[in-house]
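Student: model the structure of this input:
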Amino acid sequence: MEEKTKIFKGGEDWRFNACVGHNGGLLGFCSMGKGYFRSAELLSDHVISTGFEMDLLIYPIVFNYRHGIELYLKGFLVKIRTINNGSVNNFFDHYLPVKWVEIRQFILDNDLNNKYTEDDEESNDSLVDIINDVIEDFSKYDPDSYSFRYHISKKGSINQEDVTLINIKDLKLKMDKVFKIFGFWWDCLDEVDE
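Tutor: Sure thing, here's the model as predicted:
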């Protein structure tokens, strides 16, 4: 029997009914991460194309990118630990660096750090270096995934007191690259798993 709800339900126009839970199969961490990246991309595109609402939308943009990264890292850990016959638990916190250490080592050990597209020609950074820099920044300015979720910390201080400006266009360009790298690595992990 279906639970009664006023907002979490299907509507008459089936074209707008999104499948969740067991309906149509469960999403994995990386699929959900892709959704968070996509939502941040759409919000960023809105700001870039209109020049409006950047101060309002920066918080959900950064939160969605960060959560997308976190979900991808968790998905990578499940896949890597499955490949290595390891335990796939104990990573449900929000702290990125610990997850990244294990993933980074696997990427390096399996030679998945190669350049993969022409657009990397302008950079001498390896894929691991690019992701490492992004994780360091997020870990410094949003270590527990609360700094862009709320305007104040749990202790009552102002979040992002030390950061006063974020260029959304530059952020989006960097996150587009991160998203491509994550997609590349996900495909590589599928090949390693086979």
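Student: CA atoms for contacts and neighbours, from now on please.
Tutor: OK.
Student: can you pull the contacts of the residue nearest the centre of the chain?
Tutor: With distances taken as Cα atoms, centre = their mean, the residue of the chain nearest its centroid is G68 (1.8 Å). Applying Cα atoms under 8 Å, 6 or more residues apart in numbering to G68 gives the contacts M32, G33, K34, G35, Y36, F37.
Student: go on, K169?
Tutor: Residues near K169 by Cα under 8 Å, 6+ apart: S44, I48.
Student: just the buried positions in the helix or strand harbouring K172, please.
Tutor: Assigned by DSSP states H and E, K172 belongs to helix 168-193. Residues 168, 172, 175-179, 181-182, 185-186, 188-189 are the ones in helix 168-193 that count as buried (16 or more other Cα atoms under 10 Å).
Student: ditto for stretch 147-159
Tutor: Using 16+ other Cα under 10 Å as the burial criterion, the residues of stretch 147-159 that qualify are S147, F148, N159.
Student: what's the span of that stretch from first residue to last?
Tutor: 5 Å (Cα to Cα, to the nearest Å).
Student: what about it, average pLDDT?
Tutor: Per-residue pLDDT over stretch 147-159 has a mean of 90.
Student: what about the strands in the protein?
Tutor: In the chain, no strands are found when defined by DSSP state E.
Student: below-threshold pLDDT in it: ranges please.
Tutor: Within the chain, the segments meeting pLDDT under 70 span 1-3, 25-26, 115-124.
Student: ok, the closest residue in space to Y59 that isn't next to it in sequence - contacts?
Tutor: In space, and not counting its chain neighbours, Y59 is closest to F148: 5.0 Å by Cα to Cα, 6 or more residues apart in numbering. Taking Cα under 8 Å, 6+ apart as the criterion, F148 is in contact with Y59, P60, V62, F63, D142, N159.
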